[in-house]
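J.: Sequence and predicted structure are below.
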Amino acid sequence: MVASGKRRDFEIVPNIVACNASLYSPVEMGRLGEAKVNINSLIDTLYKADRVDEAWAMFCRMRKMRKMLYPDNITLCTLLLGVAKDGRIEDAFKIAKSFVQQVRNQTDNSVWRDLIEGILCDAEIVQSISLVERLIVDGLCRNDSVLIPLIKVMCKHKKALDAHELFVKFTSSFGIQPTLEAYYVLIVGFLDVHLTKMAWGLFKEMKTVGFAPDVFTYSLLLDDLGKSGRVNEIFAQRGIGDFNPTPCTYGPLIDGLLKLGNLDEARSFFDEMVDYRCKPNCAIYNILINGFGKGGDVETACELFNRMVKEGIRPDLKSYTILVDCLCLVGKVDDAVHYFEELKSTGIDPDLISYNLMINGLGRSRRIEEALSLFNEMQSRGIIPNLYTYNSLILNLGIVGMIEEAGKMYEELLLKGLEPNVFTYNALIRGYAVYEKMMLGGCSPNTGTFAQLSN
């Protein structure tokens with residue numbers, strides 16, 4: 001080993017001579033701030049090089065100089081990550097304990113949270129839990145700032161029940177008082193794995209212990225009820241005394257009613273929002289426009305769209321896309337074209353979905369030339385057609401007897417590397433049927449027709 005260190009994976013890893021020089025030289029010259037920065041950098045470098053023992057030795061030498069130099073938050077977090085990853089939980093605990101004693105219990109919650117989050121990135125969950133338990137039992141940390149990161153990671157890995165078991169252990173056995181955030185994270189975890197009863201049970205528990213659920217918690221649970229069609233339960237929750245609705249709260253309720261086909265009740269709740277001094281936003285209008293439009297009442301959908309504009313709420317791409325789709329579905333293609341052109345005139349760029357819907361709507365109305373024009377326009381805007389685009393054009397070209405053009409579309413999608421699916425072949429088969437009718441009707445196909453049939 002040379003004085004400048006050794007090379008590992010094209011990085012220079014300092015040796016003990018360099019470490020001592022970085023530690024003692026600035027200290028002897030009274031530059032303590034520089035010394036601390038140097039030491040923290042060295043510990044981080046050693047940790048990343050898997051030289052945890054040397055990083056630990058560096059920390060111990062630093063502790064011996066505590067009258068002049070003592071570890072800070074950066075030292076704590078850097079070294080603990082390496083020691084915990086190495087499975088040395090007892091050493092990790094000693095480091096944390098020494099640090100807390102050094103700073104006289106001035107460690108704030110954010111430090112503990114950042115620390116555990118960092119450890120969880122490298123160490124196993126079991127090791128992290130062991131360290132957190134030691135921190136709690138020995139009184140180094142007496143709040144849920146170390147518990148929340150554990151719950152988040154466990155819920156992320158679909159282990160909400162294990163997370164709840166840990167939550168109960170820390171709150172019941174260790175006496176940790178959970179915060180609203182801890183409840184919220186666990187409720188999210190339960191809903192993510194469809195344990196709705198557990199989520200509602202925790203919701204009731206948090207109210208029992210004195211927490212007033214915030215709008216995010218209410219909206220989360222109401223959204224789950226709306227998606228699962230349990231609208232009656234939403235009505236029951238609506239009567240809670242501390243229920244202060246927002247557009248986020250009304251959204252899942254209205255959406256749930258619309259999906260069940262209860263258009264009148266959905267409209268009633270929309271009108272009720274004003275009584276709560278709750279101003280609808282674009283997202284609420286989009287839910288309504290989609291619900292009424294897909295329910296066959298496109299007149300009300302258009303009315304709601306125009307009302308939104310009059311109220312000064314700017315429609316977004318989703319607003320226009322929903323309306324165009326609904327109008328095309330009921331054959332009101334002229335109106336759909338109007339809103340599609342209005343979309344572009346407002347400065348909003350149509351996306352692949354909006355182009356596909358408009359192209360399909362025009363094609364179904366036998367307005368093939370306009371559909372092809374939009375097909376060219378979308379490509380000139382840099383939007384790449386997908387299989388849906390080609391399937392729609394092949395189908396509608398075949399229906400109007402434009403077999404040669406349909407064949408070209410088929411060849412083009414193959415050249416672009418797209419894989420035909422059952423809808424592609426169904427469209428081609430329908431084109432063959434048109435070809436047969438051409439023959440029976442005395443309309444002779446050209447060479448392009450036969451070229452398509454040979455494929």
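T.: Yes, it's here.

J.: Could you point out the helix or strand that follows the helix or strand harbouring residue 327?
T.: Using DSSP states H and E, the element containing residue 327 is helix 317-329. Toward the C-terminal end, the helix or strand that comes next after helix 317-329 (DSSP H and E) is helix 333-345.

J.: ok, now which ones touch the closest residue to residue 134 other than its chain neighbours?
T.: When the adjacent residues along the chain are set aside, residue 134 lies closest to residue 93, with 4.5 Å between them (C-beta to C-beta, 6 or more residues apart in numbering). Every C-beta, even on glycine, is put in place using the N, C-alpha and C of the backbone. Neighbouring residues of residue 93 by C-beta atoms under 8 Å, 6 or more residues apart in numbering: 131, 134, 135, 138.

J.: which SSE is residue 93 in?
T.: With the criterion set as DSSP H and E, the secondary-structure element containing residue 93 is helix 89-102.

J.: continuing past the helix or strand containing residue 128, what's the next helix or strand?
T.: Residue 128 belongs to helix 125-137 when assigned by DSSP H and E. Along the chain past helix 125-137, the next helix or strand (assigned with DSSP H and E) turns out to be helix 147-156.

J.: what residues does that next one touch?
T.: Applying C-beta under 8 Å, 6+ apart, the external contacts of helix 147-156 come out as 113, 116-117, 120, 125, 128-129, 132, 160, 162-163, 166-167, 170, 176, 178-179, 181-182, 185-186, 188-189, 192.

J.: If we use 7 Å, what do you get?
T.: By C-beta atoms under 7 Å, 6 or more residues apart in numbering, the surrounding residues in contact with helix 147-156 are 113, 116-117, 120, 125, 128-129, 132, 162-163, 166-167, 170, 176, 181-182, 185-186, 188-189, 192.

J.: coming back round to it: list the helices and strands the helix holding residue 128 packs on?
T.: helix 73-85, helix 89-102, helix 109-122, helix 147-156 (3 or more C-beta pairs under 7 Å, 6 or more residues apart in numbering; DSSP states H and E).

J.: let's go with 6 Å and repeat that
T.: In this structure, helix 125-137 packs against helix 89-102, with contacts taken as 3 or more C-beta pairs under 6 Å, 6 or more residues apart in numbering; DSSP states H and E.

J.: Domains in this protein, by residue range?
T.: Domains of the chain are assigned by automatic domain parsing as 289-385, 387-455.

J.: want to try TSV for those domains, with mean neighbour count and mean pLDDT as columns?
T.: Conversion of the domains of the chain to TSV gives the following (neighbours: other C-beta atoms under 10 Å; pLDDT from 0 to 100):
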stretch	mean neighbour count	mean pLDDT
domain 289-385	18	95
domain 387-455	16	75
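
J.: Distance to residue 252 added to these, as TSV?
T.: As requested, the domains of the chain are exported to TSV (distance: least, C-beta to C-beta, whole Å):
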stretch	distance to residue 252
domain 289-385	12
domain 387-455	29
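
J.: what's the closest of the ones you listed to residue 97?
T.: Comparing the domains of the chain by their distance to residue 97 (C-beta to C-beta), the top pick is domain 289-385, with 53.7 Å.

J.: residue contacts, residue 170?
T.: Contacts were defined as C-beta atoms under 6 Å, 6 or more residues apart in numbering; by that measure residue 170 touches 147, 176.

J.: 7 Å instead?
T.: For residue 170, the set of contacting residues under the criterion of C-beta under 7 Å, 6+ apart consists of 136, 147, 176.

J.: In a strand, residue 176, correct?
T.: No - note on residue 176: no strand contains this position according to DSSP: H, G, I helix; E, B strand; the rest coil, which reports coil.

J.: which SS state does residue 283 fall under?
T.: Once three-state DSSP is applied, residue 283 turns out helix.

J.: Now do the helix holding residue 128 and helix 147-156, the angle between them.
T.: Angle between the axes of helix 125-137 and helix 147-156 is 160 degrees (criterion: axes from the mean of the first three to the mean of the last three C-alpha atoms, to 10 degrees).

J.: then stretch 410-423 to CSV, C-alphas only?
T.: Taking C-alpha atoms only, stretch 410-423 is exported to CSV below (Å, rounded to 0.1, in the frame of the first residue of the first chain):
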residue,chain,number,x,y,z
TYR,A,410,-50.9,-2.8,-42.6
GLU,A,411,-47.5,-2.8,-44.3
GLU,A,412,-46.5,0.4,-42.6
LEU,A,413,-47.2,-0.8,-39.1
LEU,A,414,-45.1,-3.9,-39.8
LEU,A,415,-42.2,-1.7,-41.0
LYS,A,416,-42.5,0.3,-37.8
GLY,A,417,-42.0,-2.8,-35.8
LEU,A,418,-45.5,-3.0,-34.4
GLU,A,419,-46.9,-6.5,-33.8
PRO,A,420,-50.4,-7.1,-35.3
ASN,A,421,-53.1,-8.4,-32.8
VAL,A,422,-56.5,-10.0,-33.2
PHE,A,423,-58.1,-6.6,-33.9
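
J.: Distance of the residue nearest to residue 134 relative to residue 124?
T.: Distance, residue 93 to residue 124, by C-beta to C-beta, to the nearest Å: 16 Å.

J.: related to what we said a few turns ago, now that we have the contacts of residue 93, which of them are buried?
T.: Among the contacts of residue 93, those classed as buried by 16 or more other C-beta atoms under 10 Å are 131, 134, 135.

J.: ok, the residues you listed vs residue 272, which is closest?
T.: residue 135 (49.1 Å).

J.: Next, count neighbours for the closest residue to the closest one other than its chain neighbours.
T.: Here the nearest residue to residue 135 in space, its sequence neighbours aside, is residue 141; by C-beta to C-beta, 6+ apart that works out to 4.7 Å. One way to gauge burial is a neighbour count; for residue 141, by other C-beta atoms under 10 Å, it gives 23.
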